[in-house]
Every structure is written in structure tokens, then in C-alpha cells.
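*Asks:* below is the structure, and that's it, no one-letter string:
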């Protein structure tokens with residue numbers, strides 16, 4: 001017996017190693033997705049429960065909501081995408097001016 005762990009990955013065939021790598025990558029992605037959903041839920045809870053204290057803070061909330069809306073638009077809905085883009089540009093411009 002030795003005190004050093006045996007690296008089992010070195011003893012696997014190429015197909016088994018690829019399958020193991022895929023399982024590990026999938027597990028990492030699933031963990032990241034779960035963490036992202038938890039952070040989004042926390043952010044949305046804070047956006048709903050903490051009142052904006054200024055117009056720029058209200059614009060941050062509106063920007064988040066507009067981005068959610070824009071992400072749900074079909075690709076061919078260029079008119080609404082352009083409207084959202086124009087409004088987000090207005091928010092950016094007005095934020096810089098104040």
C-alpha cells in the first residue's frame with residue numbers, strides 16, 4: 001500500500017475517459033445553472049421588495065425587466081426589439097447626463 005492515491009483516469013480507455021469527461025462537464029453545467037437560477041431568484045426578490053430610492057435605481061429595475069422581455073421576443077419581431085433597444089439607449093444616455 002502507498003500513501004499516494006491512484007489516478008484511475010490514467011487506467012481507463014479513451015471511450016471511458018471521454019464519457020467520464022462528459023459526465024463531469026454536464027455536472028458542472030447543471031451546478032452552474034442551478035446557482036444562476038438561485039442568484040436570479042434572489043435578485044428578483046430584492047427588485048420586488050426593495051423600493052427604488054431614485055430614478056436611476058428605478059431605471060435599473062426597468063432595464064432588467066426589459067431585458068427579460070427582449071429575450072422572450074421571437075427573432076423576427078424586429079420592431080419590438082428596436083423599441084427595447086432604443087429605450088435601453090435612452091436609459092444609458094440619461095444616466096450619463098445626470
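*Replies:* Perfect, thanks for sending it. What you see is a predicted model; the values in this text were computed from it and never measured.
*Asks:* residue 69 against residue 84, yeah?
*Replies:* Yes: counting by Cβ atoms under 8 Å, residue 69 touches residue 84, with 6.6 Å between them. For every residue, glycine as well, the C-beta is placed using N, CA and C.
*Asks:* looking at those two, which is more packed in?
*Replies:* residue 84 (18 against 12; other Cβ atoms under 10 Å).
*Asks:* list the contacts for the more buried one?
*Replies:* Residue 84 is in contact with 66, 69, 70, 73, counting by Cβ atoms under 8 Å, 6 or more residues apart in numbering.
*Asks:* in CSV: those, plus secondary structure.
*Replies:* Shown next, in CSV, are the contacts of residue 84 (DSSP: H, G, I helix; E, B strand; the rest coil):
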residue, secondary structure
66, helix
69, helix
70, helix
73, coil
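*Asks:* and of those residues, the nearest to residue 46?
*Replies:* Taking Cβ to Cβ as the measure, residue 66 is the one of the contacts of residue 84 closest to residue 46, at 17.6 Å.
*Asks:* check which helix or strand the residue nearest to the spatial centre of the chain maps to.
*Replies:* Closest to where the C-alpha atoms of the chain average out (Cα atoms, centre = their mean) is residue 36, at 5.8 Å. Applying DSSP states H and E as the criterion places residue 36 in helix 14-49.
*Asks:* and that helix, what does it pack against?
*Replies:* helix 55-72 (3 or more Cβ pairs under 8 Å, 6 or more residues apart in numbering; DSSP states H and E).
*Asks:* relative to the whole chain's centre, how far out is the helix it packs on?
*Replies:* 15 Å (Cα atoms, centre = their mean, to the nearest Å).
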